[in-house]
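Novice: 3D, please:
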Amino acid sequence: HLLSLFEAKFFASFIYCGAILFSEFGFVNYSSKHRNASAATLDQEATRQVNDQLFSMLWRFSDVFFARMQLQLPRFEERPDVVEEYFYLLAKVLQHCPRQFIEYSFTDGEVQAGVVPERLGRILQAGLLGLSITHKDAQKGVMNFIQKFISAIRSVMHQVAGAAGAGPDAMLADKAKIFH
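Specialist: All right, here's what the predicted structure looks like:
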């Protein structure tokens, strides 16, 4: 119902509710020591199912956001509250599920060197556009997302590099090529 109402009304408050769901049920990884209290009672399979549902919600919010905003500055200026809450939602996702955000961002196609997935590319384009609007709180939401995104990318690359036995800085430099 939340997503249907957001699609029909396009109110920022529905995005805020989605962010609360990520705060309560999102978690850093599947091990119990990193999950919050709400997620602690879930087993590994239930955890994956919750993640699937949360990210399905996120991508539906994103689809509606992009359909309405169409990456046009005047539309961002008309609805700064929606821009603000959308980017705070993304920041909340990155705070609670950084690795999953990156993994789920790449699920709309095969991971290819030098290619930013469409979903992630649209989010980053919207973030850059969001920096141009005059509403300060919306800009803060965008900047919060950008900061969390950079931290998440760096953290995930360090984890992957450590697991692969490679130097994290060398691996980060290699992976950063997708953004050129």
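Novice: any weak-confidence spans in the protein?
Specialist: 28-42, 106-116, 161-180 (pLDDT under 70).
Novice: what ranges do the helices span in it?
Specialist: Using DSSP state H, the helices of the chain run over 2-9, 12-25, 44-69, 73-78, 80-96, 98-105, 118-130, 136-164, 168-175.
Novice: and the angle for the third one with helix 118-130?
Specialist: In this case it means helix 44-69. In terms of direction (axes from the mean of the first three to the mean of the last three CA atoms, to 10 degrees), helix 44-69 departs from helix 118-130 by 50 degrees.
Novice: quick one: helix 44-69 to helix 2-9, angle?
Specialist: Calculated by the same axes, to 10 degrees, helix 44-69 forms an angle of 0 degrees with helix 2-9.
Novice: Just the buried positions in helix 44-69, please.
Specialist: 47, 50-51, 54-55, 57-58, 60-62, 64-66, 69 (16 or more other CB atoms under 10 Å). Where you see a C-beta, it was placed from the backbone N, CA and C, and this is true even at glycine.
Novice: Show me what it packs onto, helices and strands only.
Specialist: In terms of contacts (3 or more CB pairs under 8 Å, 6 or more residues apart in numbering; DSSP states H and E), helix 44-69 is packed against helix 2-9, helix 12-25, helix 73-78, helix 80-96, helix 98-105, helix 118-130.
Novice: same thing but 7 Å
Specialist: helix 2-9, helix 12-25, helix 73-78, helix 80-96, helix 98-105 (3 or more CB pairs under 7 Å, 6 or more residues apart in numbering; DSSP states H and E).
Novice: show me what contacts the closest residue to Arg99 other than its chain neighbours?
Specialist: Residue nearest to Arg99 in three dimensions, not counting chain neighbours: Val156, with 5.2 Å by CB to CB, 6 or more residues apart in numbering. Residues near Val156 by CB atoms under 7 Å, 6 or more residues apart in numbering: 98-99, 102.
Novice: Identify the residues contacting stretch 80-98?
Specialist: Stretch 80-98 is contacted by residues 10, 12, 15-16, 18-19, 22-23, 26-28, 58, 61, 65, 76, 101, 123, 127, 130, 133, 135, 137-138, 141-142, 144-145, 148-149, 152, 155-156 when judged by CB under 7 Å, 6+ apart.
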